[in-house]
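Visitor: here are the coordinates; sequence isn't available:
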């Protein structure tokens, strides 16, 4: 029944807009060896991780092996075989099974090796390190919308981010795939997995849903609505610690002194799930004992491309971010870059910092894929730094008293940087470091920042 439901959902979405284009060469048919292997963190990643992977239908059950890593080629000797759950899906690339396996009762701060089973045999061995049980410095990678041009363009940005080294986990701010207006859905998810490659199998991924993770559907009375697309619940084995009615898309993870809270902006705005998430957000932050709190969702509170801010989310969530002293708010959706530290504008923020003012939440918007939107009028004066027509990735180094945030362009050029420094009073102060940065990247009429035609379109 589940497979029939997923197939019907895909067919309904495709028929509404006609046949979707395919990736050249149709390389994404399910095979007898596993692919689309994605590691995700448990709520306590010092004790639990999970993996999702795909096979053809010949592999009817979910199986993985895991072992404490050793330094010789004898991993099989003490490996444990663990069963999981399996869901079927029919796609343009053929019938497939998606499998979830959870690794629990792990030891903190240890390296584990694991592999997953297909009908023709096991995958290669992958390795991950469980989180330390208490605070320890680490580095994470933040990616905005990959969504369009995933393999063609976004892949080089993703790989450049991992090449920075020592990435402990990756956070995605939604719209990982377009799922409505670019390629066939299964091809898009094939490209997304290929773009990250083995990194997605070894580094825990923390994704948020965007509006493009949803598909359009018709209610019995003829009204249009949204439904979570078929790939999200099978592509990621996420912690089940969120809030009803959006438990598959809300969750939190405590990683070495940082509480990451993932929200679903689409369900909040369009599906009546704002109040439930707002209460859960407040309670989850109130219960946090983490050194730092980071919130991740798709639709930005302060927009850099759209005419208006996301007022419903601003009214409900911003007071909680302020009250609970959230440190970073990571978002996507606008297909431009924005770092905003003061709603009153960049001049007001700079003046306040010059007087020693403490810093509230820092709001970030970024984009990794090829679709670009033009900056709105407010973006010229409100955010501290912006960019348009620019693919980006962000590296965040977490220290006990300092968060160091660095934004890089696709070619690896440092584009933005700041530190959040925790004072003896427990409050943050933002330091814009003296190292020179390149001029802000904006289009000048029809000319883009790289000299060609501006690819950013207005919203």
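Guide: Received the coordinates, thanks. All values derive from a computational prediction rather than experimental measurement.
Visitor: For the stretch 351-459 of the chain, just list every one of the strands.
Guide: 362-365, 372-373, 385-387, 392-398, 402-409, 414-422, 428-431, 456-457 (DSSP state E, counting those that start in this stretch).
Visitor: Just send the ones you listed back as CSV, with mean pLDDT and mean neighbour count too.
Guide: C-beta here means a position set from N, CA and C on the backbone, and glycine is covered the same way. Formatted as CSV, the strands of the stretch 351-459 of the chain follow (pLDDT from 0 to 100; neighbours: other CB atoms under 10 Å):
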stretch, mean pLDDT, mean neighbour count
strand 362-365, 98, 25
strand 372-373, 98, 22
strand 385-387, 98, 25
strand 392-398, 98, 22
strand 402-409, 98, 20
strand 414-422, 97, 19
strand 428-431, 97, 19
strand 456-457, 96, 16
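Visitor: Out of the ones you listed, the one nearest residue 269 is which?
Guide: strand 362-365 (16.4 Å; CB to CB).
Visitor: Show me what that closest one is packed against.
Guide: strand 328-331, strand 337-340 (3 or more CB pairs under 8 Å, 6 or more residues apart in numbering; DSSP states H and E).
Visitor: List just the one of the ones you listed that sits closest to residue 128.
Guide: So among those, strand 328-331 is nearest, using CB to CB, at 22.3 Å.
Visitor: Quick check: neighbours of that closest one in the sheet, parallel or antiparallel?
Guide: Strand 328-331 pairs in its sheet with strand 292-296 (parallel), strand 362-365 (parallel), by DSSP bridges.
Visitor: Around the closest residue in space to residue 152 that isn't next to it in sequence, count how many other residues there are.
Guide: Distance criterion CB to CB, 6 or more residues apart in numbering; nearest residue to residue 152, sequence neighbours excluded, is residue 370 at 7.0 Å. Residues near residue 370, counting by other CB atoms under 10 Å, number 19.
Visitor: Can you name the residues that contact residue 370?
Guide: The neighbourhood of residue 370, defined by CB atoms under 8 Å, 6 or more residues apart in numbering, consists of 148-149, 152-154, 391, 455.
Visitor: quick one: the helices in the stretch 251-400 of the chain?
Guide: Assigned helices in the stretch 251-400 of the chain, in chain order: 265-270, 274-286, 311-323, 346-354 (criterion: DSSP state H, counting those that start in this stretch).
Visitor: Hmm, I typed the wrong one, I wanted the stretch 51-200 of the chain.
Guide: Using DSSP H, counting those that start in this stretch, helices in the stretch 51-200 of the chain cover 155-163, 185-196, 198-202.
Visitor: ok so, going back, and the strands of the stretch 351-459 of the chain as TSV, adding distance to residue 196?
Guide: Output for the strands of the stretch 351-459 of the chain, formatted as TSV (distance: least, CB to CB, whole Å):
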stretch	distance to residue 196
strand 362-365	21
strand 372-373	21
strand 385-387	23
strand 392-398	12
strand 402-409	17
strand 414-422	22
strand 428-431	31
strand 456-457	25
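Visitor: what's the closest of those to residue 130?
Guide: strand 392-398 (16.7 Å).
Visitor: what packs against that closest one?
Guide: By 3+ CB pairs under 8 Å, 6+ apart, strand 392-398 packs against strand 138-143, helix 155-163, strand 402-409.
Visitor: where exactly do the strands run in the stretch 51-200 of the chain?
Guide: Under DSSP E, counting those that start in this stretch, the stretch 51-200 of the chain gives strands at 63-68, 80-83, 85-91, 94-103, 111-118, 121-122, 126-129, 138-143, 169-172.
Visitor: Please parse this structure into its domains.
Guide: Domain ranges of the chain: 2-23+30-129, 138-457, per automatic domain parsing.
Visitor: Among the ones you listed, show the one with the smallest mean pLDDT.
Guide: When the domains of the chain are compared on mean pLDDT, domain 2-23+30-129 scores lowest, with a mean of 90.
Visitor: so how far is that one off the chain centroid?
Guide: 19 Å (CA atoms, centre = their mean, to the nearest Å).
Visitor: The residue most central in space within the chain and residue 413, how far apart?
Guide: Nearest residue to the geometric centre of the chain (CA atoms, centre = their mean): residue 172, 1.2 Å. Going from residue 172 to residue 413 by CB to CB, to the nearest Å gives 22 Å.
Visitor: and what of residue 198?
Guide: Taken as CB to CB, the span from residue 198 to residue 413 is 26 Å.
Visitor: Pull the number of nearby residues for residue 134.
Guide: Residue 134 has 11 nearby residues by other CB under 10 Å.
Visitor: Which residue is the nearest non-sequential neighbour of it?
Guide: Counting by CB to CB, 6+ apart, the residue nearest residue 134 is residue 257, at 7.1 Å.
Visitor: same deal with residue 435?
Guide: In space, residue 435 is closest to residue 417, 6.8 Å off (CB to CB, 6+ apart).
Visitor: quick one: contacts for the one you found?
Guide: 404-407, 432-433, 435, 437.
Visitor: quick one on the thing from earlier: can you check which of the helices of the stretch 251-400 of the chain gets nearest to residue 442?
Guide: helix 346-354 (14.7 Å).
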